[in-house]
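[1] Okay, sequence plus prediction incoming.
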Amino acid sequence: MTANTIGQNQSSLRLTTLKVLETLALLLIIAFIVLPILWLAITAIKPQEKAYSTTLIFSPTLENFEIIFSDTSVIINEGTDRERGEVGRNMFPSVVNSVVVSGATILIAIPLATLAAYAFSRYSFLGNSVLLVWILTTQFIPAIVVAIPFFTLFRSITLFGKPLLGTQMGLIIVNMSIVLPYAIWMIKGFVDALPGEIEEAAFVDGCNDFQILFFISLPLIRPGVLVASVFAFIMSWNEFLFALIIGREMRTMQVALMTTSGARGIMWEQMAAAGLVVMIPIFFLALFIRKNVVDGLTMGAVK
Amino acid sequence: MRKKRWVPWVLVGPALLIIVLTTIYPLLAALYFSFHKYKLRRPPQFAIQISENGIHIDWSLLSLDNYALAFSDSRFINSLQVTFWFTVISVALSVIIGLFIAVVVQKGGRLHTLTKVLLIFPFAVSPALKGYSWRFMLNENYGIYDLLIDQLIVGPINALLSLINNLPFVEIALISESIVWLGDKFWALFMLAMSETWGWAPLIALMFVGALGSIDEQIFEAARIDGANRLQIFFRVTLPLLRPVILIVTMLKTIFSLKMFDQVVTMTGGGPVRATQTINYYIHQIGFVRSLDIGYASAMSYILVVVLTICAALYVSLVLNRD
């Protein structure tokens, strides 16, 4: 063997070692990311008597989903009484609350954010950039400081004879404080990316500002608006602090997770089942906007 | 091109109005509350009173007592320390692990691409659920993490230690395999930060992947031709080029860590013995669970606002200076 081939063998050996190390690192990363989610999914379909162990040998069941969506506090199943979480609350109303609150939040926030984003992108007006930066900084206000005054305010404001505290309406209002700034910045990014020539041409053809906006620009940025809507939906769906303080007895799913604790502590198999219900729809939505999440979270600061 | 001056204001107006109402109003109201004695159990007496005779201000009702109380309240000081350490640990772990993931997954075959897709998954898990799932997995009796840590980390280390202990005159204590993770002051805080890291490191990795992708490949090529090895390229080329993005991401994560609340409720409940009581959690306890003291809670949250304002200013200057 010449010195040259030994050198080659060494370098190919080094390359193989690197490849193996890289694959190991990848598998480690995958395990790190997937394990908590996988374990939740496994626990959700475990029968109760197997949930409190690390065993993987069990016969899958949908019993846990059945129990979190039932009204009875005890389900009698094959002779074993099953305790429910906190006084056996049916979680279905909480699913409805989450859907209504998150849905209404985006129905209000997205049209407003779209108009604002369009103006910020296409017009230069006094204070344009200062306002944009100010909107960016509102995301740094701690949620608790928003929650305190709205809690006291909503206690005293009544709507249809009921205080606003603990209603879907109340929660939708405070959700605006987190959803609107993100939505404006996100949609603005999409408008910025749209070439201005088309609008220019429409203007020359005699369209006025609003005709251009509604008939030319809006149809073109529809995909971006959809992405921002999904992002905003996820934000309000996963929101916890406002739901806890302002939503109160009107439990969203995030708060309903807490009702899985009963006399014997947290009923983990029920928590896991409820967790899956919370998580699965958001999974698909997150995959759908995968490429835009970073831009959304950082408001375009990292590019 | 278009001249009508009022048009942008019509478009921006509604959104701006709602943002002002949902952010400026509470900021002002909380500041006002913070100067008052204001507990939920009693109707509050406010300094500014409006009657038929006009506006009257009763200065004697305003005081800095709540702020003075904060700095003599050992539990508040404790919550500052907890928040500080939580932030340091979670930011450091998130950024370092995020960077590691980004460098590994950035280029390559199918497994790399699959991992890149998986990076979005923790974003779908709400912080509240994250807290519960980690609490479950860390359970000392049936938690999968507890089992894995004992088997894969503590076990081998102890095997090594007992091997060393066979040598004469050496006696090293073995690591306990029965650590109650969330019952130990240090480990509870550490694991809280780990759960935060689990949610954020993949997202931060995605941010770095984007930034790495925008670096000109020729720069790496040139370094390779000059004979730099992988480690040298990482430390001498990649890191310096990523510096602006790393700074921005670190600042952003710091802000999010300072605001963290959800997992404390669902994972540790502030325990053991207040070891994981962050500022947000303590404010929530004071304002809504224990003494229902809105005035004091407002004062404390204002101290948090001041800290976050400084961070926000730093962040904005970083972002603006980059372009």
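    That came through fine. Numbering: from 1, shown residues only, chains lettered A, B, ... in the order given.

[2] Just confirm yes or no for stretch A:258-273 near chain B.
    Yes: using CB under 8 Å from any CB of the partner chain as the criterion, contacts between stretch A:258-273 and chain B involve A:M258, A:I266, A:W268, A:M271, A:A272. Heads up, the C-betas are built off the backbone N, CA and C, glycines and all.

[3] Of those residues, which is the nearest to A:F203?
    Distance to A:F203 across those (CB to CB) is lowest for A:M258, with 54.9 Å.

[4] ok, and the closest non-adjacent residue to that closest one?
    Nearest residue to A:M258 in three dimensions, chain neighbours excluded: B:T266, at 7.1 Å (CB to CB, 6 or more residues apart in numbering or on different chains).

[5] Please list all residues in contact with that neighbour.
    A:L257, A:M258, B:A128, B:L129, B:K130, B:G131, B:Y132, B:R135 (CB atoms under 8 Å, 6 or more residues apart in numbering or on different chains).

[6] so which helix or strand takes in B:L231?
    helix B:230-232 (DSSP states H and E).

[7] I'd guess B:G227 is in a helix, am I close?
    No: under DSSP: H, G, I helix; E, B strand; the rest coil, B:G227 sits outside any helix and is assigned coil.

[8] Now do it, the pLDDT please.
    Looking at B:G227, its pLDDT is 85.

[9] what do you get for the one 10 residues further on?
    Note on B:V237: pLDDT of 88.

[10] Tell me how far it lies from chain A.
    Counting by CB to the nearest CB, to the nearest Å, the gap from B:V237 to chain A is 18 Å.

[11] Find the residue closest to that residue in space, skipping its chain neighbours.
    B:A223 (5.1 Å).

[12] wait, what's in contact with the residue in the stretch 51-200 of chain B that chain A sits nearest to?
    Scanning the stretch 51-200 of chain B for the residue nearest chain A gives B:S126, at 3.7 Å (criterion: CB to the nearest CB). The contact partners of B:S126, by CB under 8 Å, 6+ apart, come to A:W237, A:N238, A:F240, A:Q254, A:V278, A:M279, A:I282, B:D262.

[13] Assign a three-state SS to the spatially closest residue to A:Y52 that is not a sequence neighbour, would you?
    Leaving aside its chain neighbours, A:Y52 sits nearest to B:Y142 (4.7 Å; criterion: CB to CB, 6+ apart). Using three-state DSSP, the structure places B:Y142 in coil.

[14] A:L56 too?
    Recorded secondary structure, A:L56: coil (three-state DSSP).

[15] what residue ranges in chain B score low on pLDDT?
    B:1-3, B:323 (pLDDT under 70).

[16] ditto for chain A
    When residues are selected by pLDDT under 70, those of chain A lie in A:1-9, A:72-88, A:263, A:303.

[17] And it, what are its domain boundaries?
    Domain assignment for chain A by automatic domain parsing gives A:3-87, A:91-298.

[18] So which residues of the stretch 201-303 of chain A form helices?
    Remark: helices assigned in the stretch 201-303 of chain A by DSSP state H, counting those that start in this stretch are A:209-211, A:218-238, A:241-242, A:253-256, A:268-288, A:293-298.

[19] From B:W6, how far out is A:N97?
    Applying CB to CB, to the nearest Å, the value for A:N97 to B:W6 is 40 Å.

[20] With neighbour numbers in mind, choose between these two.
    A:N97 (22 against 10; other CB atoms under 10 Å in any protein chain shown).

[21] What strand or helix carries the more buried one?
    Counting by DSSP H and E, A:N97 is part of helix A:92-122.

[22] what's the next secondary structure element after that helix?
    Next in line after helix A:92-122, if elements are assigned by DSSP H and E, sits helix A:128-137.

[23] what's the closest non-adjacent residue to whichever residue of the stretch 201-303 of chain A sits closest to chain B?
    Relative to chain B, the nearest point of the stretch 201-303 of chain A is A:N238 (3.7 Å; CB to the nearest CB). In this structure, A:N238 finds its nearest non-sequential neighbour in B:S126, 3.7 Å apart by CB to CB, 6+ apart.

[24] And the residue nearest the centre of the chain?
    Went with chain A since none was named. The residue lying closest to the centre of chain A (CA atoms, centre = their mean) is A:I234, at 2.5 Å.

[25] oops, chain B please
    For chain B, B:S257 is the residue whose C-alpha lies nearest the centre (CA atoms, centre = their mean; 1.2 Å).

[26] which SS class is that residue?
    helix.

[27] contacting residues for it?
    By CB under 8 Å, 6+ apart, B:S257 lies in contact with B:F86, B:T87, B:S90, B:V91, B:E196.

[28] Weed out the non-buried ones from these.
    B:F86, B:T87, B:S90, B:V91, B:E196 (16 or more other CB atoms under 10 Å in any protein chain shown).

[29] The stretch 51-200 of chain B: strands as residue ranges?
    For the stretch 51-200 of chain B, the strands defined by DSSP state E, counting those that start in this stretch cover B:54-57.

[30] What segments of it are helices?
    B:65-72, B:74-105, B:110-118, B:121-124, B:127-137, B:144-148, B:155-165, B:185-213.

[31] so of the ones you listed, which one's packed in deepest?
    Among the helices of the stretch 51-200 of chain B, ranked by average contacts under mean count of other CB atoms under 10 Å in any protein chain shown, first place goes to helix B:127-137 (a mean of 25).

[32] Could you list the alpha-carbon positions for that one in PDB?
    What follows is helix B:127-137, C-alpha atoms only, in PDB (Å, rounded to 0.1, in the frame of the first residue of the first chain):
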ATOM      1  CA  PRO B 127     -47.700  25.500  26.900                       C
ATOM      2  CA  ALA B 128     -50.400  24.300  29.400                       C
ATOM      3  CA  LEU B 129     -50.400  20.800  27.800                       C
ATOM      4  CA  LYS B 130     -46.600  20.800  27.600                       C
ATOM      5  CA  GLY B 131     -46.500  21.400  31.400                       C
ATOM      6  CA  TYR B 132     -48.800  18.500  32.100                       C
ATOM      7  CA  SER B 133     -47.100  16.100  29.700                       C
ATOM      8  CA  TRP B 134     -43.700  16.800  31.200                       C
ATOM      9  CA  ARG B 135     -45.100  16.500  34.700                       C
ATOM     10  CA  PHE B 136     -46.500  13.100  33.800                       C
ATOM     11  CA  MET B 137     -43.300  11.900  32.200                       C
END
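
[33] ok, back up a step: which residue sits closest to the residue nearest to the centre of chain B in space, ignoring its chain neighbours?
    Nearest to B:S257 is B:T87, by CB to CB, 6+ apart, at 4.2 Å.

[34] right, and the one you found touches B:F256 too?
    No: between B:T87 and B:F256 there is no contact under CB atoms under 8 Å: 9.3 Å.

[35] can you list the residues of the stretch 201-303 of chain A near chain B?
    A:203, A:209-210, A:213, A:234, A:237-238, A:240-241, A:244-245, A:254-255, A:257-258, A:266, A:268, A:271-272, A:275, A:278-279, A:282-283, A:285-287, A:290, A:293-294, A:297-298, A:301-303.

[36] one more time with 7 Å, if that's ok
    A:203, A:209, A:238, A:240-241, A:245, A:254, A:257, A:268, A:271, A:275, A:278-279, A:282-283, A:286-287, A:290, A:293-294, A:297-298, A:301-303 (CB under 7 Å from any CB of the partner chain).

[37] Now list the buried members of those residues.
    A:203, A:209, A:238, A:240-241, A:245, A:254, A:257, A:268, A:271, A:275, A:278-279, A:282-283, A:286, A:290, A:293-294, A:297-298, A:301-302.

[38] which residues does the nearest residue to B:M267 once chain neighbours are set aside contact?
    Spatial nearest neighbour of B:M267, excluding adjacent residues (CB to CB, 6+ apart): B:G131 at 3.5 Å. B:G131 makes contacts with B:S195, B:D262, B:Q263, B:V265, B:T266, B:M267, as judged by CB atoms under 7 Å, 6 or more residues apart in numbering or on different chains.

[39] same thing but at 8 Å, please
    B:S195, B:D262, B:Q263, B:V264, B:V265, B:T266, B:M267, B:T268.
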